[in-house]
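Visitor: Predicted coordinates and the sequence they were generated for:
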Amino acid sequence: MSAPVLSISRVSKRFGPLLANDAISLEVGPGEILGLLGENGAGKTTLMNILFGHYVADEGEIRVNGKVLPPGEPRAALEAGIGMVHQHFTLADNLTVLDNIILGTEPLWRWRSDHGEARARIRQLSEDFGLAVHPDAVVSTLSVGERQRVEILKALYRQARILILDEPTAVLAPQEATALFATLKRFVARGLSIIFISHKLGEIMDACHRVAILRSGKLVAQKDIADVTRAELAELMVGRLVPQPKAVAQEPGVPLLGLAHVSVRRGAASLRDVMLQVRAGEIVGIAGVSGNGQSLLADVVGGLLPPETGTVQVNGAPLSAISPRLMVECGVARIPEDRHAEGLIGDMSITENVVSEAYRSRFSSHGFIDWSAAAAFARTIIDDYGVKCPGPQARVRLLSGGNMQKLILGRVMNANPCVVLANQPTRGLDVGAVAYVHEQLLKARSNGAGVLLISEDLDELLALADQIAVIYQGQVSPLMARPMVDIGRLGLMMAGQGFIHGEQDHAA
Amino acid sequence: MRLEPLEKRSTFRMIALPVLALIFAMAICAVLVMLSGASPFQVFGLMVKGALGSRFAALETLTRATPLIFTGLAAAVAFRAKLWNIGAEAQLYIGAVMTVVMGTGLLPLPWPILWPVLMISAMLGGALVLSVPTFLKTRFGVDEVVTTLLLNFVALLFVSMLLEGVLKDPMGLGWPQSKKVLADAVLPRLVSGKRLHLGFVIAILAAVVVWIIDRRSALGYEMRAVGHNAKAAHFAGIPVNTVLAKTALLSGGLAGLAGWSEVTGLKGNLTLDLSPGFGYTGIVVAMLAMLHPLGVIASAIFVAAVFVGADAMSRTAGVPSYIAQVMVATSLLSMVSAIMLTRYRVRWR
């Protein structure tokens, strides 16, 4: 390897009792993609925040091209050519692409900004790196993939030579992720260096040259991608062997969830004449590219969005006046897409969160809540579902993503639900937590619940689902039994083959 | 300089920072006092003496705190659910209007019946005033900060109209004031010859009731859940709009009680100067109390003491009593900063 562009030496960072980074040393060479692999909470983001000057390391130093980077100064990091693309984008939605890119690069005291030159440079960068995006488009009109390109352009515009991408594929459809990897290859061909943070093994294998694995704040290994297998990486990351979920064959029972001719519209999105049935003891998977009506389908089944036409049946009874509470009472366990926004209330305690669906029915009498019973219930869930936390009084915001999801699972699964609605239940989770969620879904299935699993992760659907349907622009295909499913055909269906086109009257 | 969130909120910070904030606010006021040519020690001494230095002064402070406890609770209850009720002033006045409408002769009842009737009327009046903006918010998404704030002026002009018209006391020598409430409606004094009245005790009871609702009841839980994350509350099946409507009834009702207690306990009738901004000061009281119902009692007494003390001080020291406004304002600003510092650690670079 030629002289490293970036070298991190013995960096440590402590948050109270937690050692987030323990004497980590890393080097990145020119033209190299280094994968930084680790579970949530392993210290990846902390390390990158130190590198970018958001945090100050307790010990250790960082050198860029041999020069020590002054700690705690994002501007110095920028000037040294480090560019960061955050997991959650930092764009101003109401500005154009051009404005977003040049924001902060211009001198403060100047009457007008030189848009012509900036536009030309952005055009050039877009062409050179294959990052197609219109400079005058307003960011709020862009897709997630396009926004990510803007973020990358922003870093390139500031002449970044080392690009840090924090979980870049978490928000992308499979095709978009593939396109991103191709772009990254072009970057390194031009001598840039990339640090690619991820907890997805497949991506690391596909995109990187070398991988560094973090576990509980320690650097456990550095390997060339050519020398490792996926299973080895998984074991290094988690620290033990990860069991693969196995679905035992079983005969499905009576229909538990039925949607008949359900149509509904919300903004520009719609569901059109959806027919769907989930029987006892089976998992029905809904495949599809992000944004094809999955969230509407989930909201209808979850009781948040009453259908305009059509009927919803749970356990054989057609429901009228659909509401979240009605669905809970009918025995529908709902695992929402967004843990933070919908699943949990971050500033409230674990106890307060686990009773949020049942506080009226189970934990109160005469309008008063029995908090000691609620706390006992919370402790049961913490024990049964292995939620790592200081105790039932801990605020949920402090939990990791995986522990949050365990809490939600505990809340909805403990009552032996008849239907389980899981919308992207493993998104953003680490390997261990993903396996746990899968295990719970299979357990619900073997207990005779009907599981509706909406996922953008095809591997997950193929591993778990008994039947699979594809959702495309609000239409749901007929169910296909898993042994019959041909992956190539599934991909084509996800791209719209076999669906009715044309009559999609886009509202705004 | 940047803020790092603290993993745990330590009890030490929770107590020490607000105290430091108050000391800081006093230091700023001391500078202002010096600029006006007086000695801060003398001025603060006079203020403490004027607010707490004698039996009379202390009772006067508690009298002034009474309406502030009610309006402070009104703000605290609403703010917990993130219903930004800036209109306690209007609710107070309409509560007072209801009190004089029902209590000046319409219902010649004995006090054990008349008191609850008047209290409920005042609460309904205040609740109604807040219900309208809350309905507009939940139904049409109209910002309640604007509507509740503007209703304050509407309410005051409405009261002015009533006092020049149907509610005007024919024996009032032409002044815009209502008739006196019935003797049976008047709240007794707690100490004979002093102005402190039973309304103070009822205000404290109200704070305890609100505290129990907040901590123990399903409604209190719902209000907090909606305040912290309305979307998640809705997902879990909590009826968000119903909860906001209930919050509005409770908050508006508490502010209405402030009007009732001022009329029946202190003034006897309704005039346009019934409240020197108790509704607005209630917001400060609630913020200083960090929205804690029992904390509202302490912060209302503190704010009342500053105002009463400043009045007394300005008579002797010649420093304008406006210093009270400055003190309350700087206390609020430094307290808000202190509350933030209980959650974050400041890193200098």
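Guide: That came in fine, so what should we check first? Numbers count the residues shown, from 1 in each chain, chains lettered A, B, ... in the order given.

Visitor: Any idea how far apart the tips of stretch A:477-484 sit?
Guide: Distance across stretch A:477-484, first residue to last, is 14 Å (CA to CA, to the nearest Å).

Visitor: which residues sit against that stretch?
Guide: Applying CB atoms under 8 Å, 6 or more residues apart in numbering or on different chains, the external contacts of stretch A:477-484 come out as A:275-277, A:284, A:462, A:465-471, A:493, A:498-499. Every C-beta, even on glycine, is put in place using the N, C-alpha and C of the backbone.

Visitor: Just give me the neighbour total for B:Ala88.
Guide: 38 (other CB atoms under 10 Å in any protein chain shown).

Visitor: can you point me to the longest helix in chain B?
Guide: helix B:111-140 (DSSP state H).

Visitor: what about it, near chain A?
Guide: No - applying CB under 8 Å from any CB of the partner chain, one finds helix B:111-140 out of contact with chain A, separated by at least 15.6 Å.

Visitor: Give me the distance from that helix to the chain's centre.
Guide: Averaged C-alpha coordinates place helix B:111-140 at 16 Å from its chain's average position (CA atoms, centre = their mean, to the nearest Å).

Visitor: helices or strands up against that helix?
Guide: In terms of contacts (3 or more CB pairs under 8 Å, 6 or more residues apart in numbering or on different chains; DSSP states H and E), helix B:111-140 is packed against helix B:88-103, helix B:144-164, helix B:240-261.

Visitor: for the record, mean pLDDT for it?
Guide: Predicted confidence along helix B:111-140 averages 96 (mean pLDDT).

Visitor: In it, which residues are buried?
Guide: Of all the residues in helix B:111-140, those buried under the rule 16 or more other CB atoms under 10 Å in any protein chain shown are B:114-115, B:117-130, B:132-135, B:137-138.

Visitor: Confirm A:Leu257 sits in a strand?
Guide: Yes - with the criterion set as DSSP: H, G, I helix; E, B strand; the rest coil, the secondary structure at A:Leu257 is a strand.

Visitor: Show me what it is bridged to.
Guide: Under the criterion DSSP bridges, A:Leu257 forms beta bridges with A:Val278, A:Val314.

Visitor: Just give the nearest non-adjacent residue to B:Leu254, would you?
Guide: Nearest in space to B:Leu254, with sequence neighbours left out and distances taken as CB to CB, 6 or more residues apart in numbering or on different chains, is B:Ala74 at 4.1 Å.

Visitor: make that A:Gly72, sorry
Guide: The spatial neighbour of A:Gly72 that comes closest, neighbours along the chain excluded (CB to CB, 6+ apart), is A:Val56 at 4.1 Å.

Visitor: and what of A:Glu39?
Guide: Taking CB to CB, 6+ apart, and ignoring the residues beside it in sequence, A:Glu39 has A:Asp430 as its nearest neighbour in space, at 3.6 Å.

Visitor: Could you give the number of residues near the one you found?
Guide: Around A:Asp430 there are 21 other residues, counting by other CB under 10 Å.

Visitor: For it, give me the pLDDT.
Guide: Note for A:Asp430: predicted pLDDT of 75.

Visitor: Need phi/psi at it.
Guide: phi -80, psi 170 (degrees, to the nearest 10).

Visitor: Below-threshold pLDDT in the chain: ranges please.
Guide: Picked chain A for this. A:1-2, A:107-113, A:170-171, A:173-175, A:241-245, A:501-508 (pLDDT under 70).

Visitor: nope, chain B please
Guide: Where chain B drops to pLDDT under 70, the residues are B:1-2, B:4-9, B:348-349.

Visitor: can you list the residues of chain A near chain B?
Guide: Contact residues (CB under 8 Å from any CB) of chain A with chain B: A:15-16, A:18, A:54-56, A:72-73, A:302-304, A:323-325, A:327-328, A:334, A:336, A:341-348, A:352, A:356-357, A:359-360, A:364, A:367-369, A:371, A:398.

Visitor: Which ChimeraX command selects the buried ones in these?
Guide: What follows is the ChimeraX syntax selecting those of the residues of chain A next to chain B that are buried according to 16+ other CB under 10 Å:
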select /A:54,55,72,73,302,303,304,324,325,327,328,334,336,342,343,344,345,346,348,352,356,357,359,360,364,368,369,371
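
Visitor: Show me the residues of chain A next to chain B that map onto helices.
Guide: Counted as lying in helices by DSSP H, out of those, are A:302, A:324-325, A:327-328, A:352, A:371.

Visitor: Please identify which two of these are farthest apart in space.
Guide: In those, two members sit farther apart than any others by CB to CB. They are A:Gly302 and A:Trp371, at 27.2 Å.

Visitor: May I see the buried residues of stretch B:318-330?
Guide: By neighbour count with 16+ other CB under 10 Å, stretch B:318-330 contains the buried residues B:319, B:321, B:323-324, B:326-328, B:330.

Visitor: Of those residues, which ones also sit close to chain A?
Guide: Near chain A, taking CB under 8 Å from any CB as the test, no member of the buried residues of stretch B:318-330 is found.

Visitor: need these in TSV with secondary structure, can you?
Guide: Conversion of these to TSV gives the following (three-state DSSP):
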residue	secondary structure
B:Val319	coil
B:Ser321	coil
B:Ile323	helix
B:Ala324	helix
B:Val326	helix
B:Met327	helix
B:Val328	helix
B:Thr330	helix
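
Visitor: What's the separation between B:Met287 and chain A?
Guide: With the distance defined as CB to the nearest CB, to the nearest Å, B:Met287 ends up 17 Å from chain A.

Visitor: so who does the closest residue to that residue other than its chain neighbours touch?
Guide: Counting by CB to CB, 6+ apart, B:Leu332 is the residue found nearest to B:Met287 once chain neighbours are left out, at 5.9 Å. The contact partners of B:Leu332, by CB under 8 Å, 6+ apart, come to B:284, B:287-288.

Visitor: Just give me the closest of these to B:Ile94.
Guide: For B:Ile94, the closest of those turns out to be B:Val284, at 21.5 Å, with distances computed as CB to CB.

Visitor: Surely that closest one and B:Ala300 touch.
Guide: No - contact status for B:Val284 versus B:Ala300: not in contact, 9.6 Å apart, counting by CB atoms under 8 Å.

Visitor: State the phi and psi torsions of B:Ala38.
Guide: When quoted as degrees, to the nearest 10, the phi and psi of B:Ala38 stand at phi -120, psi 170.

Visitor: Where does the stretch 201-350 of chain A get nearest to chain B, which residue?
Guide: A:Arg325 (3.5 Å; CB to the nearest CB).

Visitor: doesn't B:Val240 make contact with that residue?
Guide: No - the criterion here is CB under 8 Å, and A:Arg325 misses it with B:Val240 at 11.5 Å.

Visitor: what's the burial count for the closest residue to A:Asp457 other than its chain neighbours?
Guide: Spatial nearest neighbour of A:Asp457, excluding adjacent residues (CB to CB, 6+ apart): A:Thr426 at 6.8 Å. Neighbour count of A:Thr426, defined by other CB under 10 Å: 22.

Visitor: again with A:Asp114
Guide: The local packing of A:Asp114 (other CB under 10 Å) involves 10 other residues.
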